[in-house]
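Student: what's the 3D shape of this:
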Amino acid sequence: MAGYKIRDLEMLTGIKAHTIRMWEKRYGLLKPQRTATQIRTYSNEELLLLLNISLLNKKGYKISRIAEMSPEELFQTSREVHESKSSDTSIEQFIVSVLNLDEQLFHNTFRELTQKTSLSEVFSERIIPFLRRIGVMWLVGTINPAQEHFISNLIRQKIIAAIDALPIPEAGQKKILLYLPEHEWHEISLLVYHYHLRAKGLNSIYLGQSLPYEALLKTVQLLNPTLIVSSWLTAIEPQEMCNYFFRLTEDFPHITIAASGYQVDQLKNQLPKTIRHLNGIPDLDQLI
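Tutor: A predicted model of the protein is given here:
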């Protein structure tokens, strides 16, 4: 069973920790267990309950009214009011869709978002923050491989379909290479970047997952790109990663090199100063 700390719930639901504590004390909405050191821990069921409480609260329901509902009434009301357009509950809905393996909920939420705003904004402002939130679930063991594969494949389908609908850029343009290094398979953020660049009419070329270094070297020599972008999420020895980037800067001294992902976030101060750290589409736009 999952054992969320209150800070985990704060990140996953968007509800401040002090508010959660107040709701516990005043309304008894949650009943956390306590560790030997008196630290509150919450179950997966309590996370799901709090997500639905958050949905209703954002839709204008007072917390005192929510506290009077039975669990069945609360979940049913949450599902009914989701169809209204009064506020954005998309990330909470995405999380619920993962927990329940609910493809229809994911599809409906995604469709509603794309009716309101551009796909680039949906991917960068909703999908990427959502993936960061469910990363917490991995840390506490809530998301199993089936759930992770379920949501990753749904998101990949949406992004790849969007890319496929765009025109192929003219060959004469400057080229931007995107790839994942060897042993790296988490491609959603790079697919988002690839879509964004293509949507701007730029000639981005995605080389895929787990690309051997020698293959990258030959491709760069063939295409002579102006920018190379990679993403690093899977755990790697810090020295190995640093050596990789120092080799990149030596082999491609006249090409801008950018990288994103959790491992880059952790080691950015140890990487060569010329490596550009990407923390989202605004950073990418500055490079192009």
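
Student: so Gln173, which state does it fall into?
Tutor: Gln173 carries the three-state label coil when classified by DSSP: H, G, I helix; E, B strand; the rest coil.

Student: so it sits against Lys200, correct?
Tutor: No - contact criterion CB atoms under 8 Å: Gln173 and Lys200 do not qualify, at 11.1 Å. For every residue, glycine as well, the C-beta is placed using N, CA and C.

Student: and the next element down the chain from the helix or strand harbouring Leu267?
Tutor: Using DSSP states H and E, Leu267 falls within helix 262-267. For helix 262-267, the succeeding helix or strand toward the C-terminus, using DSSP H and E, is strand 276-277.

Student: parallel or antiparallel, list what pairs with that next one.
Tutor: strand 256-260 (parallel) (DSSP bridges).

Student: chain center to the partner strand, what's the gap?
Tutor: 19 Å (CA atoms, centre = their mean, to the nearest Å).

Student: and that strand, which residues are buried?
Tutor: Thr256, Ile257, Ala258, Ala259, Ser260 (16 or more other CB atoms under 10 Å).

Student: before we move on, back to that, give the other helices and strands that the helix holding Leu267 contacts.
Tutor: helix 238-251 (3 or more CB pairs under 8 Å, 6 or more residues apart in numbering; DSSP states H and E).

Student: okay, the angle between the helix it packs on and strand 256-260?
Tutor: Taking axes from the mean of the first three to the mean of the last three CA atoms, to 10 degrees, helix 238-251 and strand 256-260 form an angle of 160 degrees between their directions.

Student: low-confidence bits of the stretch 1-150 of the chain, can you list those?
Tutor: 1-2, 81-88, 135-142 (pLDDT under 70).

Student: quick one: the strands in it?
Tutor: Along the stretch 1-150 of the chain, counting by DSSP state E, counting those that start in this stretch, strands occupy 33-34, 40-41.

Student: quick one: strands adjacent to the first one?
Tutor: It stands for strand 33-34. For strand 33-34, pairing defined by DSSP bridges yields strand 40-41 (antiparallel).

Student: for Tyr244, give its distance to Trp232.
Tutor: Separation of Tyr244 from Trp232 (CB to CB, to the nearest Å) stands at 9 Å.

Student: again, but for Phe245
Tutor: The value you get for Phe245 to Trp232, if CB to CB is used, is 10 Å.

Student: what's the most buried one of the strands of the stretch 1-150 of the chain?
Tutor: Most buried of these, by mean neighbour count (mean count of other CB atoms under 10 Å): strand 40-41, with a mean of 18.

Student: three-state assignment of Leu166?
Tutor: From three-state DSSP, the assignment for Leu166 is coil.

Student: that one reaches Ala199, doesn't it?
Tutor: Yes - the criterion here is CB under 8 Å, and Leu166 meets it with Ala199 at 6.2 Å.

Student: quick one, what contacts Asp265?
Tutor: His277, Asn279 (CB atoms under 8 Å, 6 or more residues apart in numbering).

Student: so how many other residues sit close to Gln286?
Tutor: Neighbours of Gln286 under the rule other CB atoms under 10 Å: 10.

Student: what do you get for Ile281?
Tutor: Neighbour tally, Ile281, other CB under 10 Å: 20.

Student: residues in contact with the nearest residue to Ser230 once chain neighbours are set aside?
Tutor: Closest residue to Ser230 apart from its sequence neighbours, by CB to CB, 6 or more residues apart in numbering: Ala259 at 5.0 Å. Ala259 makes contact with Val229, Ser230, Ser231, Trp232, Phe245, Leu271, Ile275, Arg276, His277, Leu278 under the criterion CB under 8 Å, 6+ apart.

Student: what do you get if the cut-off is 10 Å, keeping everything else the same?
Tutor: 181, 228-232, 241, 244-245, 248, 265, 267-268, 271, 275-278 (CB atoms under 10 Å, 6 or more residues apart in numbering).

Student: next: Ser97.
Tutor: Counted by CB under 10 Å, 6+ apart, Ser97 has contacts 103-110, 130, 147, 150-151, 154.

Student: buried residues in the helix holding Leu267?
Tutor: In helix 262-267, counting by 16+ other CB under 10 Å, buried: Gln263, Val264, Leu267.

Student: over to stretch 223-233?
Tutor: Pro225, Thr226, Leu227, Ile228, Val229, Ser230, Ser231, Trp232, Leu233.

Student: any idea what the fifth one is bridged to?
Tutor: Beta-bridge partners for Val229, by DSSP bridges, are Leu178, Ala258.

Student: before we move on, the earlier item: mutual contacts of Phe245 and Trp232, please.
Tutor: By CB under 10 Å, 6+ apart, the residues touching both Phe245 and Trp232 are Pro181, Ala259, Val264, Leu267.
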